[in-house]
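*Asks:* Okay, sequence plus prediction incoming.
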Amino acid sequence: MSSAQSIKITMLGGFSVSMDGRSIAISRSKTARYAELLMLLLVNPRGLSRSNVISELFDRCEVADAGNSLNNLIHEARAKLRKAGIPVKSCIENRRNILRISDELRAITYVDVEEFERLCHEAETAVQACARDRARALYLKALPIYKGEFLPDFMTNLWVISINMRLREEYLQLIRWLSKDFESHGEPEIAARIRQGAKKYFNEQELYTTPERYKPSCEDLDFEGILREIRKSDSILLDCRQEFRKMLSAEVSYQNFLGLCGYSAQIMRRSGQSSMVMLLQLYDGRERTEARKDYPGVINASIRESDRFTEISPGAYLLLLSHTDASGCHAVYHRIRKKLRAELASVWKHEQSWLSMQYSFEPIIKLKTEQSGYTCIPTALQSFD
């Protein structure tokens with residue numbers, strides 16, 4: 001950062017802006033839309049297309065002219081930053097329909113999320129290179145940066161949920177590695193202090209690595225039994241942070257799927273907005289294993305970036321659909337069916353009649369009808385041949 005003027009932006013534990021150590025207010029409201037625009041661009045240093053920004057900001061809102069509304073937000077954000085005394089000519093750039101924070105502003109701005117992830121990634125590289133001392137130093141430097149959940153005032157927004165999941169996993173990985181390292185080198189009291197500090201954000205069970213849970217039986221897929229396990233997963237930890245860096249894939253392990261469901265249940269209780277679990281079964285009487293290789297790609301292309309899925313047996317998948325209801329589940333199913341039929345038809349011409357699909361779904365937790373907008377009645381198994 002510049003020695004003359006420097007800006008510090010924090011998003012872990014809440015949004016705040018300071019310049020040269022002095023707190024400044026760029027918004028009277030904690031949830032102002034133009035402030036959300038700034039935060040979205042700050043955590044995407046390469047920028048986002050206008051269409052992606054519109055999708056993230058207005059996806060769940062009825063806006064007559066989203067493009068014009070975005071232009072107004074950009075103008076408002078620039079005006080607010082100038083009024084707050086931010087010493088740059090341009091804060092948001094629009095180049096070839098790509099919106100990004102200007103290089104001039106980034107050059108003098110410290111963003112806690114960027115620094116935290118940079119240190120964690122470098123520490124992980126050091127661990128893989130067996131450079132224990134360097135890994136310990138980097139993790140210890142990252143430790144105090146994490147001061148709570150990512151943008152808690154925007155916790156119901158899909159892009160915030162996705163980033164928060166990733167940051168939680170990086171912090172848990174940090175805590176587990178440091179605790180294990182200090183304990184293995186005869187310093188258990190330091191390990192205990194580290195875990196004690198982390199209990200402000202996570203419970204005791206989440207701070208320890210737990211063994212992989214067994215998947216449901218492939219012979220008898222009991223959806224009600226699966227749901228009972230999912231609804232007990234509020235404190236299940238997510239073990240593999242690498243899976244959440246695969247931005248082009250939404251497929252996760254069964255253990256991580258349980259953890260995501262537990263986290264989504266917490267969001268549901270706060271916001272009253274529903275998230276659904278869908279069981280999708282694709283039956284292949286001819287045991288075409290080459291067809292099953294196409295299934296994850298088709299599912300991934302049919303769901304949103306914030307949604308996740310896991311395979312629990314050959315041809316059977318669990319899907320976590322955030323911020324949706326029964327109609328959203330039906331829509332996802334029909335998208336998968338359409339894409340899968342098109343995919344298979346191009347390979348086998350007239351042989352797609354062998355495929356049979358069934359699906360059922362339920363909310364992760366039972367909310368009152370007036371909160372969630374739907375009746376929580378188990379949905380009958382639906383199918384087509």
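*Replies:* Thanks, I have the structure now. Residues are numbered from 1 along each chain as shown.
*Asks:* If I look at residue 329, what pLDDT would I see?
*Replies:* Looking at residue 329, its pLDDT is 89.
*Asks:* wait, isn't it in contact with residue 335?
*Replies:* No: contact criterion C-beta atoms under 8 Å: residue 329 and residue 335 do not qualify, at 10.9 Å. C-beta coordinates here come from the backbone N, C-alpha and C atoms, glycine included.
*Asks:* higher neighbour count, those two?
*Replies:* Taking other C-beta atoms under 10 Å, residue 329 and residue 335 do not tie; residue 329 has more neighbours (23 against 15).
*Asks:* what's near enough to touch that one?
*Replies:* Residues near residue 329 by C-beta atoms under 8 Å, 6 or more residues apart in numbering: 276, 278, 321, 359, 361, 379.
*Asks:* do the same with residue 167
*Replies:* Residues near residue 167 by C-beta under 8 Å, 6+ apart: 12, 113, 116-117, 146, 150.
*Asks:* Helix, strand, or coil at it?
*Replies:* helix (DSSP: H, G, I helix; E, B strand; the rest coil).
*Asks:* Low-confidence ranges, the stretch 151-300 of the chain, go.
*Replies:* The model of the stretch 151-300 of the chain has pLDDT under 70 over residues 156, 203-223, 225, 228-249, 255-256, 259, 270-271, 283-292.
*Asks:* Which stretches in this protein count as strands?
*Replies:* 7-10, 16-19, 22-24, 48-49, 92-95, 98-101, 109-111, 276-284, 308-313, 316-321, 355-363, 382-384 (DSSP state E).
*Asks:* Make TSV from these and add mean neighbour count and distance to residue 269 to it.
*Replies:* Formatted as TSV, the strands of the chain follow (neighbours: other C-beta atoms under 10 Å; distance: least, C-beta to C-beta, whole Å):
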stretch	mean neighbour count	distance to residue 269
strand 7-10	19	26
strand 16-19	16	26
strand 22-24	11	32
strand 48-49	16	30
strand 92-95	14	35
strand 98-101	18	34
strand 109-111	19	30
strand 276-284	20	15
strand 308-313	20	19
strand 316-321	23	16
strand 355-363	20	12
strand 382-384	12	28
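*Asks:* Out of those strands, flag the one nearest residue 200.
*Replies:* The minimum distance between residue 200 and the strands of the chain falls on strand 7-10, with 16.1 Å, by C-beta to C-beta.
*Asks:* what is the mean pLDDT for that closest one?
*Replies:* Mean per-residue pLDDT for strand 7-10: 93.
*Asks:* neighbouring strands for that strand, and are they parallel or not?
*Replies:* Note on strand 7-10: by DSSP bridges, its sheet partners are strand 16-19 (antiparallel), strand 109-111 (parallel).
*Asks:* any idea which of those strands scores lowest on pLDDT?
*Replies:* Note on these: strand 16-19 shows the lowest mean pLDDT, a mean of 90.
*Asks:* any idea how far the residue nearest to residue 106 when sequence neighbours are not counted lies from residue 295?
*Replies:* Leaving aside its chain neighbours, residue 106 sits nearest to residue 45 (7.1 Å; criterion: C-beta to C-beta, 6 or more residues apart in numbering). Distance, residue 45 to residue 295, using C-beta to C-beta, to the nearest Å: 34 Å.
*Asks:* higher neighbour count, these two?
*Replies:* Using other C-beta under 10 Å as the criterion, residue 45 and residue 295 rank with residue 295 on top: 22 against 11.
*Asks:* Can you give me every residue that contacts the most centrally placed residue in the chain?
*Replies:* The structure's the chain has its C-alpha centroid closest to residue 162; by C-alpha atoms, centre = their mean the separation is 1.7 Å. Applying C-beta under 8 Å, 6+ apart to residue 162 gives the contacts 305-306.
*Asks:* what about residue 119, distance to residue 132?
*Replies:* In this view, residue 119 and residue 132 are 16 Å apart by C-beta to C-beta.
*Asks:* Which of these two has more residues huddled nearby?
*Replies:* Higher neighbour count among residue 119 and residue 132: residue 119, with 20 against 14, using other C-beta under 10 Å.
*Asks:* quick one, domains of the protein?
*Replies:* 7-111, 115-207, 223-384 (automatic domain parsing).
*Asks:* how about the nearest residue to residue 81, chain neighbours excluded?
*Replies:* Spatial nearest neighbour of residue 81, excluding adjacent residues (C-beta to C-beta, 6+ apart): residue 91 at 4.8 Å.
*Asks:* Next, the one you found: phi, psi?
*Replies:* Residue 91 has phi and psi values of phi -100, psi -30 when expressed as degrees, to the nearest 10.
*Asks:* That one contacts residue 83, correct?
*Replies:* No: proximity of residue 91 to residue 83 does not meet the contact threshold set by C-beta under 8 Å, at 11.7 Å.
*Asks:* Need the distance between the two termini of stretch 149-167.
*Replies:* 8 Å (C-alpha to C-alpha, to the nearest Å).
*Asks:* just stretch 137-149 next, same as before
*Replies:* End-to-end distance for stretch 137-149, by C-alpha to C-alpha: 23 Å.
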